[in-house]
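Q: mind looking at a prediction? Sequence and model below.
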Amino acid sequence: MDVLPLIALVAGSAAIAGAARRTPVAAPLLLVAVGLVAAYVPGVPDYTLDPHVVLPLILPPLLYTAAVDSSYLDLRANIRPVALLSVGYVLFATLAVGWLTYLLVPDLPLTTALVLGAVVAPPDAVAATAIARKLGLPSRITTILQGESLLNDATAITAFKVALAAAVGAGASWAGGVEEFALASLGGVGVGLVLMVPLHWLRTHLTEALLQNTLSLLIPFVAYAAAEQVGASGVLAVVVVALYLGHRSWQVDFATRLQEAAVWKMVAFVLESAVFALIGLQLPFVLKGLGEYGVGEAVLYALWVFVAVVVVRFVWVYPATFLPRLVSARIREREPDTNWKAPLIVGWAGMRGVVSLAIAFSIPLATHAGTPFPGRNLVLFLTFTTVIGTLVVQGLTLPPFIRLLKVSGRDRQAETLAEAQAQSEASTAAERRLDELLADERNTLPGPLADRLRTVLERRRNAVWERLGSVNAITGESADDTYRRLSREMIEAERTVFVELRDQRRIDDEMLRTLLRRLDLEEAAAYREDGSG
């Protein structure tokens with residue numbers, strides 16, 4: 001097996017994603033654009049999306065890391081709009097886009113059109129999360145988009161299986177479709193509920209951070225495989241487990257949390273970068289397979305399908321937002337600030353991604369009767385153009401669109417105030433606990449050490465409040481910013497001396513690593529408040 005193309009893909013996509021951080025363009029958009037260009041550069045290998053790799057090996061960790069970082073409480077508070085989008089909208093889009101495509105494309109069977117509808121129905125979890133974070137959208141809109149994209153793949157994959165069974169002649173009925181959907185959804189949730197408690201117990205009882213993080217890397221694959229083994233939705237199993245573990249991550253020791261955050265940040269970065277680059281690199285493959293359809297004719301169909309996908313989302317989003325408010329006073333009381341702008345943003349933020357392409361590539365070449373699958377190459381092309389169209393058109397226009405609407409993002413001042421109040425209450429409780437401990441003769445400490453504990457506690461209490469107050473007129477730093485900067489300079493001076501002592505052979509490399517790790521932990525502690533380091 002030649003691993004050089006894989007290494008080149010990972011290294012190249014990581015470099016482009018890193019460069020995107022220095023531009024106003026979201027990384028997924030730049031990666032797709034570069035992939036489109038690179039696909040025709042001489043010497044670039046052919047990269048084909050394999051659904052047997054993407055669905056069981058790439059999708060679970062991406063879903064897991066997105067779900068762990070999501071808020072279970074926020075999702076529960078917004079379960080109605082999330083469910084209406086992740087289930088109701090996906091089924092509506094499958095039928096509506098499928099029917100419109102059937103009317104648009106001559107000689108395309110309705111079953112094939114419905115397969116296409118199911119394929120392009122679900123917005124992408126990775127794209128939605130990346131764009132929402134980049135734009136700093138209001139927290140409720142971000143929660144709804146993330147919740148939808150975490151759960152809608154299960155609905156889309158089930159709808160795809162039902163439509164595909166009808167298209168290949170395996171037989172499918174409404175009753176069978178409802179039964180399969182119930183098995184996939186309830187079974188996936190059930191598998192997640194069964195696994196989440198023992199997996200969390202293992203995480204909290206393993207004594208080494210290395211073992212705990214090895215388990216963490218295996219969890220999404222275990223949950224996905226277990227659910228798929230019994231015919232349930234692996235997507236829902238992964239999301240349920242991840243939400244539970246994320247909600248209870250405070251029960252895991254600090255060393256595991258520090259290491260796990262770094263590990264998953266790297267895994268997500270590598271996978272997301274490679275996935276979006278792969279989307280662009282599919283262009284030659286989908287064009288080559290058009291067959292009886294000319295490029296001009298196929299592009300015309302692609303424009304119509306793209307428009308249909310965008311319009312159908314708005315047709316669903318606005319009634320789904322306002323009709324429940326008309327019939328329920330309770331919803332009106334709970335969501336008093338809902339206006340026309342929020343559904344407009346949600347409607348325009350429906351970018352499609354790699355899951356749609358992976359599902360499309362899983363369409364078989366032939367039906368059960370042995371005849372070629374009708375319109376398979378066109379479905380691949382229309383899926384590809386819809387993914388590219390939504391990522392590029394909607395992804396690039398969403399930031400100016402939001403600025404034009406003058407939608408206020410997250411209130412950083414209010415968030416900082418809430419953080420400061422929470423820290424103050426926690427510090428007060430810690431101070432009381434310290435007084436109780438020091439009153440016990442078994443915990444007697446010399447005065448300077450006891451004062452050091454109180455000083456650290458006081459600095460932690462004041463650090464957040466200082467972000468709300470005045471700054472240094474010369475440097476623009478708060479007192480805590482200056483403290484952290486000076487602390488890092490002191491640590492760097494110590495680090496330089498340790499290295500010089502190693503070079504002079506006065507200490508060995510093992511002792512150097514021990515001393516450097518101690519400094520690293522101190523530096524991480526000094527910079528933990530603002531996420532630096």
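A: Nice, I can see it. Since the model is a prediction, treat every value here as computed from it, not as a measurement.
Q: show the average pLDDT along stretch 37-54.
A: What stretch 37-54 shows for mean pLDDT is 87.
Q: start to end distance for it?
A: End-to-end span of stretch 37-54 (C-alpha to C-alpha, to the nearest Å): 22 Å.
Q: check which residues of that stretch are buried.
A: 38, 39, 44, 47, 49, 51, 54 (16 or more other C-beta atoms under 10 Å). Just so you know, the C-beta spots here come from the backbone N, C-alpha and C atoms, and that holds for glycine as well.
Q: same deal with stretch 428-436?
A: Neighbour-count burial for stretch 428-436 [16+ other C-beta under 10 Å]: residue 430.
Q: what sits up against it?
A: 453, 454, 457 (C-beta atoms under 8 Å, 6 or more residues apart in numbering).
Q: same thing but 6 Å
A: Contact partners of stretch 428-436, identified using C-beta atoms under 6 Å, 6 or more residues apart in numbering, comprise residue 457.
Q: the helices in the stretch 101-250 of the chain, which residues?
A: Taking DSSP state H, counting those that start in this stretch as the test, the helices found in the stretch 101-250 of the chain are 110-120, 125-135, 139-168, 174-205, 209-229, 234-247.
Q: report the buried residues of stretch 155-174.
A: Across stretch 155-174, burial judged by 16+ other C-beta under 10 Å covers 155-168, 172.
Q: report the two of those separated the most.
A: Farthest apart among the buried residues of stretch 155-174 by C-beta to C-beta are 155 and 168. That separation is 20.7 Å.
Q: quick one: residues contacting residue 277.
A: Residue 277 neighbours (C-beta under 6 Å, 6+ apart): 13, 31, 35.
Q: ok, so of those residues, who is nearest residue 205?
A: Among the contacts of residue 277, and counting by C-beta to C-beta, the member closest to residue 205 is residue 13, at 37.4 Å.
Q: okay, and the closest one sits in which element?
A: Counting by DSSP states H and E, the element that carries residue 13 is helix 4-20.
Q: next, the buried residues of that helix.
A: Under the neighbour-count criterion of 16+ other C-beta under 10 Å, helix 4-20 has 9, 12, 13, 14, 16, 17, 20 buried.
Q: let's see the pLDDT reported for the second one.
A: Note on residue 12: pLDDT of 94.
Q: surely residue 64 touches residue 237?
A: No - in this structure, residue 64 is not within contact of residue 237 by C-beta atoms under 6 Å, at 10.5 Å.
Q: and the gap between residue 325 and residue 47?
A: Residue 325 is 47 Å from residue 47, where distance means C-beta to C-beta, to the nearest Å.
Q: apologies, that question was intended for residue 362.
A: Using C-beta to C-beta, residue 362 is found at 17 Å from residue 47.
Q: now swap in residue 525 and tell me
A: Counting by C-beta to C-beta - residue 525 and residue 47 are separated by 43 Å.
Q: now swap in residue 228 and tell me
A: Distance from residue 228 to residue 47, counting by C-beta to C-beta: 25 Å.
Q: check residue 430 too.
A: According to C-beta to C-beta, residue 430 and residue 47 sit 53 Å apart.
Q: can you give me phi and psi for the residue most central in space within the chain?
A: For the chain, the residue sitting closest to the mean C-alpha position, by C-alpha atoms, centre = their mean, is residue 66 at 3.5 Å. The phi/psi pair for residue 66 (degrees, to the nearest 10) reads phi -70, psi -40.
Q: same check, this time on residue 507
A: When read as degrees, to the nearest 10, the backbone of residue 507 gives phi -130, psi 160.
Q: count the neighbours of the residue nearest to residue 192 when sequence neighbours are not counted for me.
A: Nearest in space to residue 192, with sequence neighbours left out and distances taken as C-beta to C-beta, 6 or more residues apart in numbering, is residue 240 at 2.7 Å. Residues near residue 240, counting by other C-beta atoms under 10 Å, number 25.
Q: what does residue 219 give?
A: For residue 219, using other C-beta under 10 Å, the count is 23.
Q: next: the one 10 residues further on.
A: Summarising burial for residue 229: neighbours were counted as other C-beta under 10 Å, giving 10.
Q: distance of it relative to residue 56?
A: 11 Å.
Q: what's the host helix or strand of residue 386 packed up against?
A: Per DSSP H and E, residue 386 falls inside helix 376-389. Contact analysis of helix 376-389 by 3 or more C-beta pairs under 6 Å, 6 or more residues apart in numbering; DSSP states H and E lists helix 110-120, helix 283-288, helix 295-327, helix 354-361 as its packing neighbours.
Q: outside of the first one itself, list whatever touches it.
A: Contact partners of helix 110-120, identified using C-beta under 6 Å, 6+ apart, comprise 94, 97-98, 101-102, 156, 159-160, 163-164, 166-167, 309, 352, 356, 359-360, 374-375, 379, 382-383, 386.
Q: CA-only coordinates of that helix in CSV, if you can.
A: Below are the C-alpha coordinates for helix 110-120, written out as CSV (Å, rounded to 0.1, in the frame of the first residue of the first chain):
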residue,chain,number,x,y,z
LEU,A,110,-38.7,8.8,-9.0
THR,A,111,-36.9,6.3,-6.8
THR,A,112,-33.5,7.6,-8.0
ALA,A,113,-34.6,11.2,-7.5
LEU,A,114,-35.6,10.3,-3.9
VAL,A,115,-32.2,8.8,-3.4
LEU,A,116,-30.7,12.1,-4.4
GLY,A,117,-33.1,13.9,-2.1
ALA,A,118,-31.9,11.8,0.9
VAL,A,119,-28.3,12.3,0.0
VAL,A,120,-28.3,16.1,-0.1
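Q: got the buried residues for that helix?
A: 111, 112, 113, 114, 115, 116, 117, 118, 119, 120.
Q: could you find the closest non-adjacent residue to the third one?
A: In space, residue 113 comes closest to residue 102 once its chain neighbours are excluded; the distance is 3.8 Å by C-beta to C-beta, 6+ apart.
Q: for residue 63, report the pLDDT, please.
A: At residue 63, the pLDDT recorded in the model is 91.
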